[in-house]
Structure formats: structure tokens, C-alpha cells
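**Q** Make a model of this:
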Amino acid sequence: NAVVSWSPDGKIAYCGTGQSPGKSLDESAFSASLDGDKWRQMGIMDTAFHLADIAVSPDSKYLFVTSSSTFGPEGIWRTFSDPPGKSWERVLTMDTDTNAVIVRLSRDYDDDDTLYAVEVGGEQIAVSHNRGHSWEWWMRSLGPVVDMAVKDENTVYAALPNGEVAKSAGSGWDWDEPVETTLDDINMLAVVDEETILIGGRDGEVAYSSDGGTSFNQIDGAIGSGGGDVQVVADAGFSENGTIYAATNIPDEGLWCWTIGVSTRWEQLDEDITELAEGQRISGLAVGSEGTLYALRLEPAGDATGGMTRWLCPSCCQECIDFEYDFVNFSLPQGAIFDSTAVFPNTLPYLKLSGDKEQNDLWTIDTANQTIYRFQDTLCKFGPNLDAPPNAAVLSLGPCPCERPSSLILDWEELDDVTEYEVSMYLDADSASEVWMTHSDYDGLIATGGDNPASLSSGSAYYWKARADKPIKSPWSVMRSFTLALIEVGGL
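**A** As a prediction, the model looks like this:
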């Protein structure tokens with residue numbers, strides 16, 4: 001049944017549809033149209049579905065979500081409200097056999113507005129080149145699609161059963177013959193740059209292509225003890241360092257690092273976590289443009305489980321033995337789960353990243369509570385700005401005969417939502433010879449006072465820096481220096 005009405009000026013048509021209004025699973029909807037040909041579903045009633053997949057534009061302004069239903073068609077929903085998620089419209093309906101649809105955005109989405117909607121395990125594929133306003137359907141069947149990665153408006157890669165990848169350079173209208181990746185089965189794939197494609201397998205293995213998908217190489221050795229659906233992502237500096245990170249959905253198998261062309265074995269980054277045996281499992285990896293690495297945890301959220309772990313630029317410390325990280329699950333309800341296998345047959349990537357020059361936004365779906373979560377990382381791009389003392393200042397000694405200033409005040413600009421800072425002082429600009437470290441719950445401190453005063457000597461140069469430490473770490477500030485003036489010597 002459909003009931004149509006028009007706006008007073010006759011320019012907008014409104015339509016309510018339904019078979020048995022008021023009854024559950026009726027799939028009733030409220031839609032609007034400017035021409036009667038294309039309709040936007042702006043509200044649904046008497047309908048049940050599950051959130052399936054999520055994608056976000058690089059600037060965080062457009063959010064796309066797919067829904068799954070065993071009683072009706074699957075949908076692709078879009079929001080561009082402020083804040084995101086306040087209002088939604090269904091921009092595409094797909095009546096699939098598998099009830100599982102993913103949405104994939106072009107790596108150049110800001111320029112080409114391209115996104116794809118794909119039936120996982122089926123053959124339906126639709127493409128939009130205008131942010132979802134209109135769609136075209138692919139007519140050629142590829143067979144069941146496992147995952148998809150979009151390089152640009154023309155180039156797309158599809159993961160297929162039996163470890164094969166197909167490439168189209170014509171927006172999906174024509175396809176090259178599928179290429180074997182050397183993996184038995186594929187869990188996910190990702191486009192890194194013009195030539196590099198990363199493949200995560202389903203048995204703890206990783207493969208990659210350095211020639212745009214013409215051929216693939218498998219990395220020697222599986223992650224950890226082997227097995228599991230693999231997530232793999234490139235470091236922000238991949239073009240210079242060739243570094244990738246990988247993890248699986250097997251409990252406590254860890255997060256691992258490999259440098260293509262250099263490494264001979266996988267290097268684990270998170271032994272401190274896996275040694276706790278809390279059952280950490282990974283369902284998504286993402287890397288910010290500044291180098292922050294995020295790992296979405298698959299196990300249910302608890303006091304020490306679930307949520308996400310976060311590393312500030314792990315590739316920036318080539319000689320590190322212990323990699324610093326933050327465990328992030330505050331504000332999550334007990335039992336929250338970020339598990340793509342609630343809808344899909346494999347552990348498809350469930351962590352999506354967007355942002356700007358000031359912060360990263362991390363997006364995912366809590367499949368237990370049917371909730372979209374966003375984590376705003378405002379501390380990943382830069383550390384605090386130091387205010388005082390001025391850089392390279394020469395500080396006079398106070399009246400105290402102890403060869404240090406009576407009050408050495410270190411001050412910096414406050415960072416939003418930070419509850420504790422870390423401050424360190426060194427004898428060198430390379431942070432090799434630390435002479436003092438402390439914490440402060442304020443954006444400044446008296447270094448020569450309190451229970452932990454800095455022990456300083458006249459005539460010496462010192463270097464200091466600060467960073468946020470809680471609730472999560474920020475990068476260190478730019479290093480500053482000061483010198484204590486020599487003690488004036490009286491008559492001999």
C-alpha cells in the first residue's frame with residue numbers, strides 16, 4: 001500500500017508505504033522525492049534489521065552504514081548531519097540472498113565521490129560516483145565476492161574464493177582474469193598506493209602485490225602460532241619504510257610488524273598485552289596519517305578487555321624493545337563487541353578512520369548492542385606547546401646557596417580533557433641522558449619544589465619536554481633548553 005502527498009508548492013512528493021501498518025516486520029517506510037523517479041527513505045516503521053558495515057568519508061562529514069535483514073531487503077544508509085548520525089536516509093536497497101552487504105569508499109573519495117555496495121558471498125554490486133545520490137548496477141557476474149578495495153573511480157579490486165583477486169580498470173564494467181595470491185583463502189584486502197595491495201588470509205598468512213595486482217608474494221611464516229583471520233595495514237610511512245602491521249582474531253596471538261624487503265621474521269609489538277592472557281582478539285586495524293596505529297579488539301568489553309589499543313607511531317622508534325601503548329575502553333558498556341562475524345562469514349575489517357589535521361576519528365559497530373561508536377582521538381597529532389622558560393634561556397640562580405634556582409617553573413599550554421602530564425629533563429637534546437622525570441595534573445609545575453625536586457647544577461645546560469599521559473598519551477612536545485647561570489665568585 002502507498003499513500004502520496006505533495007508539499008504546498010508541489011515540488012516535493014511524500015510517500016508512506018506498508019502492507020500491514022502497525023504490525024511487526026511490516027517494512028513500512030516514509031520517503032520523499034523531487035521528481036517521482038528517485039525516492040529517499042527518510043524513516044522506517046515496523047521494521048527490524050541489524051547494523052552490518054560502516055564506512056566514512058575522509059573528512060568525517062559523510063557516514064554510510066549497511067543494514068541486514070532476514071525479513072526484507074538490505075539497505076545502504078547515509079548521514080551527513082551535524083553531528084553525524086542525527087538523521088539518516090536510505091540511498092539504496094539490495095535484496096540479497098546472503099543478507100550481508102559491505103560498503104567501500106574510493107581511496108580518492110574526496111575527489112571522485114565514488115563508493116561501492118557489495119553483496120558478500122553473492123554477486124550483486126552497485127557503484128555510485130556522486131556520494132550515493134544515484135547508483136549503477138554491475139551486470140557481469142564475478143562469482144561470490146569476499147571483500148573489495150577501491151583505488152579510485154576507475155580501479156577496483158575484488159577478493160574471490162580460493163585466494164584469487166580480480167581487477168577492473170573500468171569501474172567494474174570489464175575485469176581482468178583473476179590472479180592467484182598464493183593464499184588458500186582471503187579474509188580482507190586493502191589498497192595502499194598506486195601499486196601496493198595487501199591481503200590478509202584466513203590461516204594467519206599475509207600476501208602483497210607491488211605491481212598493481214599483476215602478481216602476489218606471500219610473506220614467509222604465519223603470524224604468531226599460525227591460523228585465524230588476518231587484518232593487515234600499512235604504516236603511514238610505508239612508501240619510505242615498507243612497514244606493515246598484522247593481527248588475527250585468534251585469542252592472544254598479538255600484533256605483529258614486518259618490513260617488506262628487510263624483515264626475516266615477524267616482530268611482535270604487544271607482548272605486554274598477550275602475556276596477560278585476557279583473550280585479546282583483533283577485528284580491525286587502522287593507521288592515521290601522522291603514524292598512530294589502532295587495533296580494534298574483538299573480545300567483549302570488560303575491565304581489561306575489549307575496546308581498542310593504540311600506539312603512537314611505532315615505526316618512529318626503530319630501536320625500541322618495549323613499545324608504548326594505550327588501552328582504550330572507557331565509556332564502553334560491559335559486553336560491547338565489535339564482531340563483523342555477527343553478519344559476515346569472515347572477520348572483515350571493522351575499524352574505519354577519518355579525521356583532519358587536529359584529530360583522528362575511529363568508527364565501528366557494537367554488534368551486541370546495535371550501536372555505532374566513534375572515538376575522537378584529539379591527542380594523536382601533536383603534544384603541548386611549551387610556554388616557559390623561553391627556549392635557550394639563561395636562568396639566574398636565586399638566593400638559595402644550593403646551586404639551583406629557588407623556583408624553576410616549567411609551564412605549557414593546556415590540552416583538552418587531559419588529566420595528567422609527563423615531564424622529562426635531559427642533559428642532551430637527543431633524550432639519551434635523562435636526569436629527572438615527574439608527573440603533573442596541571443599544565444605547569446615547580447621543578448625545584450615538592451617531593452621530587454630536580455637536581456640541577458650551575459653552569460649546566462638542560463633540555464626538557466612534556467606530553468599528555470592520561471587518559472591517553474600525546475606525542476612529546478618540541479624539546480626546549482635552558483642553562484643555569486654560573487655562580488658569581490667573590491674575592492679570592
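**Q** and the longest strand seen in the chain, how far from the chain's centre?
**A** The longest strand of the chain (DSSP state E) is strand 461-470. Its chain's C-alpha centre and that of strand 461-470 lie 27 Å apart, by Cα atoms, centre = their mean, to the nearest Å.
**Q** got a list of contacts for that strand?
**A** 379, 383-384, 386, 410, 412, 415, 418-429, 431, 435, 439, 456, 473-484 (Cβ atoms under 8 Å, 6 or more residues apart in numbering). For the C-beta atoms, the positions are set from N, CA and C on the backbone; glycine is no exception.
**Q** Export that strand to CSV, keeping only CA atoms.
**A** What follows is strand 461-470, C-alpha atoms only, in CSV (Å, rounded to 0.1, in the frame of the first residue of the first chain):
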residue,chain,number,x,y,z
ALA,A,461,72.5,23.2,30.1
TYR,A,462,69.3,21.2,30.4
TYR,A,463,66.7,20.0,27.9
TRP,A,464,63.1,19.4,28.7
LYS,A,465,59.8,18.3,27.1
ALA,A,466,56.3,17.4,28.1
ARG,A,467,53.4,15.3,26.9
ALA,A,468,49.9,14.1,27.9
ASP,A,469,50.0,10.9,29.8
LYS,A,470,46.3,10.3,30.9
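**Q** Parallel or antiparallel, which strands does that strand pair with?
**A** Strand 461-470 pairs in its sheet with strand 420-426 (antiparallel), strand 480-484 (antiparallel), by DSSP bridges.
**Q** Quick check: which of these is nearest to residue 235?
**A** strand 420-426 (25.0 Å; Cβ to Cβ).
**Q** how far does that closest one sit from the chain's center?
**A** 28 Å.
**Q** what are the C-alpha coordinates of that strand, in CSV please?
**A** Extracted C-alpha coordinates of strand 420-426, given in CSV (Å, rounded to 0.1, in the frame of the first residue of the first chain):
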residue,chain,number,x,y,z
GLU,A,420,47.9,14.1,33.8
TYR,A,421,51.1,15.2,32.0
GLU,A,422,54.5,13.6,32.0
VAL,A,423,57.6,15.9,32.1
SER,A,424,61.2,14.8,31.5
MET,A,425,64.5,16.6,31.6
TYR,A,426,67.8,15.6,30.0
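**Q** Not counting its neighbours along the chain, what's nearest residue 136?
**A** residue 127 (5.4 Å; Cβ to Cβ, 6 or more residues apart in numbering).
**Q** Quick one: classify the one you found as helix, strand or coil.
**A** Three-state call for residue 127 (DSSP: H, G, I helix; E, B strand; the rest coil): strand.
**Q** Would you agree it is in contact with residue 112?
**A** No. If you go by Cβ atoms under 8 Å, residue 127 and residue 112 don't touch, sitting 11.1 Å apart.
**Q** which one of the two has more residues nearby?
**A** residue 127 (21 against 17; other Cβ atoms under 10 Å).
**Q** ok, that one - contacts?
**A** 114, 115, 116, 117, 135, 136, 138, 171, 172.
**Q** Who does it form a beta bridge with?
**A** residue 116, residue 136.
**Q** Kindly report the same for residue 361.
**A** With DSSP bridges as the rule, residue 361 is bridged to residue 354, residue 376.
**Q** Report how many residues lie close to it.
**A** Counted with other Cβ under 10 Å, residue 361 comes out at 21.
**Q** Of the contacts of strand 461-470, keep whichever come out buried.
**A** When these are checked for burial by 16 or more other Cβ atoms under 10 Å, the buried set is 379, 383-384, 386, 410, 412, 415, 418, 421-426, 435, 456, 473-477, 479-480, 482, 484.
**Q** Test my guess that residue 301 contacts residue 328.
**A** No. Using Cβ under 8 Å, residue 301 is not in contact with residue 328, being 10.6 Å away.
**Q** shared neighbours, the two?
**A** residue 307.
**Q** Which of these two has more residues huddled nearby?
**A** A side-by-side neighbour count of residue 301 and residue 328, using other Cβ under 10 Å, places residue 301 first with 22 against 19.
**Q** Please tell me how far that one sits from residue 102.
**A** 24 Å (Cβ to Cβ, to the nearest Å).
**Q** element containing residue 61, please.
**A** Using DSSP states H and E, residue 61 maps to neither a helix nor a strand.
**Q** Check which element follows the helix or strand of the chain with the lowest mean pLDDT along the chain.
**A** Every helix and strand in the chain was compared by mean pLDDT, DSSP states H and E; the lowest is strand 39-45, with a mean of 65. With elements assigned by DSSP H and E, the helix or strand that comes after strand 39-45 is strand 50-56.
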